[in-house]
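A.B. asks: next one to model:
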Amino acid sequence: MGSRFNLYITEYAINSLLRQRYKTLFIYIVLSALIFLLSSLFFITNSIKHELYSTVDSLPEITIQKIKAGRQDEIGVEAVDEILQISGVQSAVARVWGYYYFENAGVNFTLVGIDEYEEQYKESLKSVAGQLDFESSSMIIGEGVKRVMDRSYYKEYFNFIKPDGKMKRVYIGSTFEGETELESNDVIVMSKKNIREIFGIDETKATDIIVKVANPNEIATIASKIKLLYPDARVVTKDDLKISYQNIFDYKSGVFLALFIVSLFTFFMIVYDKASGLSSEEKREIGILKALGWRIDDVLKEKFYEGFIVSFFSYMTGIILALFFVYVLNAPIMQNIFIGYSQLKTSFNLPFVLDLQSMALIFFLSVPVYIAATIVPAYRSATLEADEVIR
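C.D. replies: Have a look, this model is predicted:
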């Protein structure tokens, strides 16, 4: 009998929502939209954080840059031998790389030079070294670079403009995928010889020097020793880069915080309106139900079902739409809040990160709160006498 009555209450709650279909539909749409917005922002944030930290983990433990007049300058390759003399240093490599601006597409390519027999500091570069033809002017490009070159009709080769104004033709080889898409999206890998020619870098100079340390606990100590050895150099550790990335991300998150606050404010305005009291029609309905023999807990149970149905289906709709928007459509427009408007960066695919903590947070901020806002005014009316409520 009890289960049958519960089924009857559930059916009555559904019919009650259908009788107020326009009001129910309005609340459902607004609540779904707010949950969709919050969920999308959380999903984008967590995906980019995951990609950034994965990228930082693949970076060198220590990077040494020559600073001149407050700007990075080329560093002498002879410093590698001096750094290798420091106790605890496992390896040191002089890197040759830089940014090349492709004016036709309005994007920057990251050109990275490698040598055939040198130790590569990234796993992705080790695989690239096995594909690259070091005897010819060829390059291996990232997926983002390939898309940009294809749009500009560069299928077999690309002409780089050197500092003296002459052209340097480099043939396009295969494409590669890095440990993260953020890492490899705008990267072009070729021999150091070709990079030096394109950027006009002398054989005795390098862009910077990267250092691998045998014991990670000694990174800070070795960095301070290098700083003493080269006072005019900037010595950057992996931890420094993590802090820098986090600061940039926190700055971008200001827009996220503003949207989060606006969404919460809108939601709680709906809750306040819901909790401030029932309409005269709803009060009369509760009075009639009590006159027919319904108890207070029966009325509250029916209101619980009403609030749960609306809030839960709104939650599920918002979450599903956010998952589709972020991980299928790749969050158009919204992801630019965090990663900018570069043509290369807009093709960046967000990695799927299922953040149960954020989903639980949104659930407890929406479903129980809305149910409570539905039950509280109903309880006030249900505790009154039936004839008083009807009047």
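A.B. asks: what segments of this protein are strands?
C.D. replies: Counting by DSSP state E, the segments of the chain that form strands are 62-68, 71-73, 75-76, 89-102, 107-114, 138-142, 157-161, 167-176, 187-191, 205-206, 208-213, 233-237.
A.B. asks: out of the ones you listed, nearest to F26?
C.D. replies: strand 107-114 (44.3 Å; Cβ to Cβ). C-beta coordinates here come from the backbone N, C-alpha and C atoms, glycine included.
A.B. asks: name every strand pairing with the closest one and say which way it goes.
C.D. replies: Strand 107-114 has its sheet partners listed here by DSSP bridges as strand 89-102 (antiparallel), strand 187-191 (parallel).
A.B. asks: now that strand and strand 167-176, what's the angle there?
C.D. replies: 80 degrees (axes from the mean of the first three to the mean of the last three Cα atoms, to 10 degrees).
A.B. asks: adding mean neighbour count, distance to R151 and mean pLDDT, write the strands of the chain out as CSV.
C.D. replies: What follows is those, written out as CSV (neighbours: other Cβ atoms under 10 Å; distance: least, Cβ to Cβ, whole Å; pLDDT from 0 to 100):
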stretch, mean neighbour count, distance to R151, mean pLDDT
strand 62-68, 18, 33, 92
strand 71-73, 11, 31, 90
strand 75-76, 19, 36, 94
strand 89-102, 18, 11, 92
strand 107-114, 21, 10, 91
strand 138-142, 24, 13, 91
strand 157-161, 16, 13, 94
strand 167-176, 15, 14, 90
strand 187-191, 25, 16, 92
strand 205-206, 22, 33, 94
strand 208-213, 22, 32, 93
strand 233-237, 18, 35, 92
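A.B. asks: show me the contacts for the residue nearest to E306 when sequence neighbours are not counted.
C.D. replies: Once flanking residues are discounted, E306 sits nearest to A13: 4.7 Å by Cβ to Cβ, 6 or more residues apart in numbering. A13 makes contacts with 302-303, 305-306, 309, as judged by Cβ atoms under 8 Å, 6 or more residues apart in numbering.
A.B. asks: and V89, what does it touch?
C.D. replies: 83, 211-214, 222.
A.B. asks: mind putting these into CSV with distance to R19?
C.D. replies: Formatted as CSV, the contacts of V89 follow (distance: Cβ to Cβ, whole Å):
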residue, distance to R19
I83, 78
V211, 72
K212, 71
V213, 71
A214, 74
I222, 74
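A.B. asks: closest one to S47 out of these, please.
C.D. replies: Among the contacts of V89, and counting by Cβ to Cβ, the member closest to S47 is K212, at 29.3 Å.
A.B. asks: quick check: the closest one vs G98, distance?
C.D. replies: As judged by Cβ to Cβ, to the nearest Å, K212 and G98 stand 22 Å apart.
A.B. asks: likewise for I114?
C.D. replies: In terms of Cβ to Cβ, I114 sits 14 Å off from G98.
A.B. asks: F102 and V93, how far apart?
C.D. replies: 27 Å.
A.B. asks: likewise G165?
C.D. replies: 31 Å.
A.B. asks: with S263 instead?
C.D. replies: 48 Å.
A.B. asks: residue nearest the centroid of this structure?
C.D. replies: I48 (2.2 Å; Cα atoms, centre = their mean).
A.B. asks: that residue touches V353, doesn't it?
C.D. replies: No: counting by Cβ atoms under 8 Å, I48 does not reach V353; the two are 9.3 Å apart.
A.B. asks: using CSV, write out every CA atom in stretch 94-106.
C.D. replies: Output of stretch 94-106 as CSV, limited to C-alpha atoms (Å, rounded to 0.1, in the frame of the first residue of the first chain):
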residue,chain,number,x,y,z
ALA,A,94,73.0,24.0,-26.2
ARG,A,95,69.6,24.5,-27.9
VAL,A,96,69.0,26.4,-31.1
TRP,A,97,65.4,27.5,-31.5
GLY,A,98,63.2,30.5,-32.0
TYR,A,99,59.9,31.9,-33.2
TYR,A,100,59.3,32.5,-36.9
TYR,A,101,56.4,34.8,-37.8
PHE,A,102,54.4,33.6,-40.9
GLU,A,103,52.9,36.9,-42.0
ASN,A,104,50.4,35.4,-44.5
ALA,A,105,48.6,33.5,-41.8
GLY,A,106,49.4,35.8,-38.9
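A.B. asks: contact partners of that stretch?
C.D. replies: 75, 77, 79-80, 107-113, 148, 151-152, 160, 188, 192, 195-196, 198-199, 201, 206-210, 343.
A.B. asks: redo the strands of the chain as a markdown table? Include distance to P368.
C.D. replies: Converted to a markdown table, the strands of the chain look like this (distance: least, Cβ to Cβ, whole Å):
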| stretch | distance to P368 |
| --- | --- |
| strand 62-68 | 49 |
| strand 71-73 | 53 |
| strand 75-76 | 59 |
| strand 89-102 | 50 |
| strand 107-114 | 47 |
| strand 138-142 | 46 |
| strand 157-161 | 58 |
| strand 167-176 | 49 |
| strand 187-191 | 47 |
| strand 205-206 | 59 |
| strand 208-213 | 50 |
| strand 233-237 | 45 |
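A.B. asks: quick one: mean pLDDT for stretch 245-261?
C.D. replies: Taken as a whole, stretch 245-261 has a mean pLDDT of 64.
A.B. asks: repeat for stretch 332-344
C.D. replies: 63.
A.B. asks: show me what contacts L17?
C.D. replies: 24, 306, 309-310 are the contacts of L17 under Cβ under 8 Å, 6+ apart.
A.B. asks: mind putting these into a markdown table with pLDDT, distance to S184 and neighbour count?
C.D. replies: Listed next are these as a markdown table, based on pLDDT from 0 to 100; distance: Cβ to Cβ, whole Å; neighbours: other Cβ atoms under 10 Å:
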| residue | pLDDT | distance to S184 | neighbour count |
| --- | --- | --- | --- |
| T24 | 88 | 49 | 16 |
| E306 | 90 | 51 | 22 |
| I309 | 94 | 47 | 18 |
| V310 | 92 | 45 | 23 |
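A.B. asks: for the closest residue to L37 other than its chain neighbours, the count of nearby residues, please.
C.D. replies: Take L37 and drop its neighbours on the chain: the residue closest to it by Cβ to Cβ, 6+ apart is S263, 5.4 Å away. Applying other Cβ atoms under 10 Å, we find 19 residues neighbouring S263.
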